[in-house]
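1. sharing a model that was predicted from the sequence below.
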Amino acid sequence: MANKILEIDDLTVSFDGFKALNNLTFSMNEGELRVIIGPNGAGKTTFLDVITGKVQPTQGKVRFKGKKLSGRSEHDIARLGIGRKFQTPRIYLNLTPRENLELCCNQNKNVLATLFKPTPKAERRTVGGLLETIGLDHKADKPAALLSHGEKQWLEIGMLVAQSPDLLLVDEPVAGLTDDETERTGQLLISLAESHSVIVIEHDMEFVRQIARQVTVLHEGSVLCEGTMDQVQNDPRVIEVYLGTETSITPEQMLLLRIAATMAWADGDFEAAEQDIILERLSRQFAQATDDQATLKTELKDLLAKKIPLEELVPQLQTPAQREQALMLSYEVIGANQINQAEASAYHKLVTLLDLPAETVSRLESATMAHGSNGAS
Amino acid sequence: MTRINRRKFLVYGSTAVGTSILLKACGGTSDTTGGTTAPAEGEATTASAGGGGDTIKVGILHSLSGTMAISETTVVDAEELAIKEINAAGGVLGKQIEIVKEDGASDWDTFAEKAEKLIDQDQVSVVFGCWTSASRKKVLPVFEAKDHMLWYPVQYEGQECSKNIFYTGAAPNQQIEPAVDWLLENKGKDFFLVGSDYVFPRTANNIIKEQLKAKGGTTVGEDYLPLGNTEVTPIITKIKAALPDGGVIFNSLNGDSNVAFFKQLKGAGMGPDKYPVMSVSIAEEEVRTIGPDFLKGHYAAWNYFQTVESPENEKWVSDFKAEYGDDRVTNDPMEAAYIMVYLWSQAVEKAGSTDIAAVREAAYGQTFDAPGGTVTMNPNHHISKIVRIGEIREDGLFDIVSATDGPVTPIPWNQFVEDTKGYACDWSDPAKGGKYKEA
Amino acid sequence: MLDGLINGIFNGISIGAVLLIVALGLAIVFGLMGVINLAHGELMMLGAYTTYVVQNGFKSFGDGAQDFYILAALPLSFLVAALVGLALERSVIRLLYGRPLETLLATWGVSLILQQFVRSVSWAMTFGLLVVCLLLFGGRAALSKLANLGPRQKLANFVVLVLSAGIGVTLGRSLNGNDALAKPWFSARNVDVTAPSWLQDSISVTDTLSFPAARLFIIALTIICLVGTFWFLNKSAWGLRIRAVTQNRDMSACLGIPTKRVDALTFALGSGLAGIAGCAVTLLGSVGPNLGSNYIVDAFMVVVVGGVGKLVGSIVAALIIGIVSYILGSGTLVLMLPSSEAIQPLIDTATFFATTSMAKVLVFALIIAFLQVKPAGLFPQKGRSVEV
Amino acid sequence: MITTKSVGKKRRRTLEAGIVIGLILFLLFIAPLLLTDFRLGLLGRFLALAIVALGVDLIWGYTGLLSLGQGIFFALGGYAFAMHLQLNLAGDGIPEFFGLYGVSELPWFWQPFYSLPVTLIAIVVLPGIVAGLLGYLVFRNRIRGVYFSILTQAMLVVFFNFFNGQQKLINGTNGLTTDTTLLFGQQVGSDRMQFVFYVATVIVLALTYGLCRWLTRGRFGRLLIAIRDDENRLRFSGYNPAMFKVLVFAVAGGIAGAAGALYTVQSSGITPQYMSVAFSIEMVIWVAVGGRATLGGAVLGALVVNWAQALLSEQFPEVWLFFQGALFLLVVTVLPKGIVGWFRDDAVRQIRDLLGIQPQLNTYPDLELDPDVKREQRELAGK
């Protein structure tokens, strides 16, 4: 109980009848980094609004460290130790980054203290340190209006940290950032997660993969599913809400594809062309009509873009038939181009893991060769 | 307490003196002796101003913009006409009169500010001006502190008699009281009092209430509209409730509100037959803007109407129309304004200078054959004049239904109000002054 | 008693109707466009003066026509006010969208100018203005056509501005010498608008119960304007565009809605309604340069209490405010209270506020108190869009 | 780097202090020699108005609260002082205007104003408290922006009608005149007392300037700006903007009160006119003209506009409103930063544009010359 930092049960928020959140139940542990994904209109931002007290729940409870939040005002909640970063960076453009940070760093936020107490040395130092961390030390005393979009994003994250909250709510931190900015933002968040509990709302899957441990998927105002990135990604409901259309493959097929993919990825990165061929073939395995193949191919691009060790995957195969199929696929995959050292070893590993009878293996291999060749023609 | 005061006083005093020495050094006109002896200096400067130069400067201080501009601009016309005539006839003391015109902008502070400017900056020898009592009350201290001279042309509530102001409009006993008497005789004993929410109506109605008490009438109700307010439905309801089967309405509304009041009174089907309205702020000018349709058959009390039959009046009206156009009308405040310029010039001629004190002395007893009949300036700074009651006609002019035989002597301190009962005013006699108990 | 009640309700409604017709235009401009138009009252005033001019025009046709000038005056005052509003939007408001506080100040300035304009407008002045405009725009056009001054363009324009202004002013002043031309059209004096005879009297239902014709007319007019506005906003194509733009300017722009034109139209509509209101109030009150300033604050109160952006809110608010201020101002409250010792203080307070001016105080105080309970007015807008 | 910056700050501070003191000395000792009594009187009054302007700048320029009701507090201060003076004059009787309305004994709320110290405190504290209360009611409900403005205007109307209507309590429309009253046995209207008030005004103005400077610098000042720019964001940083706004609004109210008192005694009395809608809006335009969020601008604006009004309305009374209206328009459209802001930011550039002189762009022919790039290189080298 004690180590739950945030508990939400049966939360409903409705604007004029439209339910932005619908009997949502959610909880997370102290020190956890939780990513919340979900298509537009899933209620992600409203979810944050409720936690931060901007929107009052129509029904249901929100508990932060066991304290009820409903009825408290924003600043009150913020003082309890919940910090929030907004979707579009909201910083004070007429103030310098240093001043922005000092504002948030101020520990005693009542009127008179702010008026009479000079900024203590300690806070100055913290601010200085923060400016270093977010890489704005050389622009510390220019008006924040002059910062680039990325710098603004960081500044706001910095403000969040300066506030030294226990729970950080971060709304789309990498929206509109360049790749390496995104990269660095990711590292920043991960390092923050060591000392804080963090909730990140994000669209960018690449980024989510980079940072995600636990993922919660929101859909139409309630939790669709929760779990590790892989579990979530394999969940067809998620695939459905995300990609809209019903995908053409079952979880079992997905598993097979994964194994194949792992083989394919075995020797590290491909050229785009090679990747394309592989996906081409894989998709042909599971779809007949050409346009289906096309769509499946794009789906796969997303879904297979992550490496998972074979040791995890293989045991999930139930029937021998599946194992055989897995083998065939993999063989075909590595057959796509000259087999190199890495692939060979990976393949052997697979075979051993599958531990099919030797003759079956050879039979399948030959068959695949034939099939593959005329498939290519 | 007193010690603190004294110390503070010393501190302030020293700064004042300190700098005022500087002032002296470079010929500044600041007053070092301080306090109440300002008058001496005021006289000196203005006297020199009047004497010096080949013209005599006079100030005209009315609202040329804002709510009151509606009425006050007409008065300015009358004053300028009089000055033009005097100049044409050779001016005063052989000098032409030069006008310095300032805009009070219907804002009482501006009045005070401009009054100071006219006196200190332009060093005029007299100021003609003000319409609303509020503006007069605001400039009064200025004229008293600087012991200068204001001539005030509008009928007012009385209860005032300043050494530095000459009032050529009607005192209450020259307008309100005769009107009330006439109504009691001819129209009924139940009065409803309507007024704008400012000093003249409020004080006037206090007087009327006292008078009714004394003369056996009854005040069935009273109400006040904020200046410029045009939503009079509630008042009309009140009148209906208070006077279900008719009675007298005594109206001291000012400016815009009159229009709303009469339009909606007629709208409510309350005609002069059952609800005769006696107005004290509605003259020819206002009748035109309200529209005779709505006013026909109602009454007004003034000292002068355009329809007065006298050679002086015919001449004046024709001169005025010649100057400002045939569509213009003359009215009481305009006549009073016209009168006061002449009375002042006569006083100056008699005094032989524009020295404030001398002119003041000379003013007492001055008479003038005004359009409305001969008027005389009394030692109490008000003028004796005939009082008339008029009924409004189709054409927006008045049928004079009653007039006093001779001029009525003004009584500034009202004899119906407890506080001022038995008081009088006489500046010709230093012993008596502004408010003394009559034997 | 019953008559008293009916009378009370009627009077309340009729006060409300005036408030509403005055506030209607404001509700559109403020509610839909978020523009604080303090010159709204002056647009009313223009409407009123138009009525005055029209009336004088009809006078020449003789008495028969005199009774119907109002019918011509209504559309004309709408037109005049709308045109001025259009010009205002094009020249000033346009620059200030999304800066409501600035619009507030700018429109106040405009209101001052308009007031002084009707006071001192004369032929001399009109000529002066015309000359300025001709020289200014003509000069600019000429400049941009004839010479390509490149960077010096601004300077040139500036010079043209100064020159034309100078010429215009001097011309105006010289013309002022001629009395006929210098004579102001209206002057600071109030002008006289006499309602048609059929609107002057009252229509009596029973012998104790009678309604002023003018009031009935205004109520009817208000209803017509309401219906018209509703129809325009909800049924017509432009109405649809207006609503679209007010909900999401950028999106509408992307969809090819000419937002600029829509803004102009909306503002013109609001101003036009002000003009009609101005025409209507001539039946009740005086017509003078500061006619508008007597209404503007009340009008804003109506809109705020009703909830911005909701016409229905303004309607309800206007009626409530009207009835309340009537009940207070006419002392009806005092009469309704049973005279018992127990509530004597209550009665005293009631009587204390039972004068028109004190009633106004109380009504406004109540409004402020009400906004404590419902800061967003009677019909607030909900949803996340409201914040931020 | 920090040190150099702080040094720069210090220099700016001392410079500012120098200027302020210089101006004070000028107003106290030179101005009286240059101006006639009348002009000096005007100056005194305008300086009093400059004090209000400072308050308005504090709440509008820095905190973004456009109050159209400062007249309330201005008038309250004025009334407080005027009541004391009236009582002084009346001695142990009651002010004579009461007689006209048949009021025989003093209304209770007049009692405290017998004592000067109480009055002097009330002049500032009373409006401050009223402002605080009104502010609390409004801000607690997060009524912001134009709603706040309209609401303050409504409050103004309430107060105006109330004071205007209550003859029996505070002499209604007439208001209270002060010129003929006595203070320290001196006639308030006398040249000498007027000069004393002039001196007092200058001093109070200086003090107020100091106060506002103190409030607007440092963390509190930054917070005000933050409130102006994005109040909601501030909530999520754990501040409660409402309380800050209440405080600032109350302070501005108090300032207005002091100004009102000084203005009243220098313009021969107070009337409800001080609470007219127009007057309160004018206060805002002074600040706008001078330049909001610059204290100097507020003072400058008040003086310039009022001086212009005085002169113009003397030269051509009829057209003053035209000028005033045009002023509103110009400031908002052409000169949004006000005079001071314009000189600080755009003056040079705009005049250059006007004259069509192209500014020489400082581009770097070689990226290596860009100071930022250089610095980064240095850092990389350091690593």
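-> Thanks, I have the structure now.
2. and the gap between the residue in chain D that chain C sits nearest to and chain A?
-> Proximity of chain D to chain C (CB to the nearest CB) peaks at D:Phe328, 2.6 Å away. The C-beta positions use only the backbone N, C-alpha and C, and glycine is treated the same way. According to CB to the nearest CB, to the nearest Å, D:Phe328 and chain A sit 25 Å apart.
3. the closest residue to that residue other than its chain neighbours: helix or strand, and which one exactly?
-> Take D:Phe328 and drop its neighbours on the chain: the residue closest to it by CB to CB, 6 or more residues apart in numbering or on different chains is C:Gly109, 2.6 Å away. C:Gly109 belongs to helix C:100-120 when assigned by DSSP states H and E.
4. got a list of contacts for stretch B:174-182?
-> B:155, B:191, B:204, B:207-208, B:211-212, B:215, B:217, B:250, B:278, B:280, B:299, B:301-303, B:382, B:385, B:387, B:389, B:402, B:404, B:408, B:410, B:416 (CB atoms under 8 Å, 6 or more residues apart in numbering or on different chains).
5. apply 7 Å and report the result again.
-> Applying CB atoms under 7 Å, 6 or more residues apart in numbering or on different chains, the contact partners of stretch B:174-182 are B:155, B:204, B:207-208, B:211-212, B:278, B:280, B:301-303, B:385, B:387, B:389, B:402, B:404, B:408, B:410.
6. from those, keep the buried residues only.
-> Neighbour-count burial (16 or more other CB atoms under 10 Å in any protein chain shown) is assigned, among these, to B:155, B:204, B:207-208, B:211-212, B:278, B:280, B:301-303, B:385, B:387, B:389, B:402, B:408, B:410.
7. just those residues: which are in helices?
-> Within the buried ones among the contacts of stretch B:174-182, residues falling in helices by DSSP state H are B:Ala204, B:Ile207, B:Ile208, B:Gln211, B:Leu212.
8. chain D: which of the residues you listed is nearest?
-> B:Ile207 (9.4 Å).
9. please name the nearest non-neighbouring residue to B:Gly406.
-> B:Ile386 (7.0 Å).
10. how many neighbours does that neighbour have?
-> Residues near B:Ile386, counting by other CB atoms under 10 Å in any protein chain shown, number 20.
11. roughly how far apart are it and chain D?
-> Taken as CB to the nearest CB, the span from B:Ile386 to chain D is 27 Å.
12. want to throw the ones in helices among the buried ones among the contacts of stretch B:174-182 into a markdown table with distance to B:Ala170 and pLDDT?
-> Formatted as a markdown table, these follow (distance: CB to CB, whole Å; pLDDT from 0 to 100):
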| residue | distance to B:Ala170 | pLDDT |
| --- | --- | --- |
| B:Ala204 | 11 | 83 |
| B:Ile207 | 13 | 83 |
| B:Ile208 | 14 | 88 |
| B:Gln211 | 15 | 86 |
| B:Leu212 | 19 | 89 |
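13. a markdown table for those residues, including distance to A:Ser366?
-> Converted to a markdown table, those look like this (distance: CB to CB, whole Å):
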| residue | distance to A:Ser366 |
| --- | --- |
| B:Ala204 | 122 |
| B:Ile207 | 127 |
| B:Ile208 | 125 |
| B:Gln211 | 130 |
| B:Leu212 | 128 |
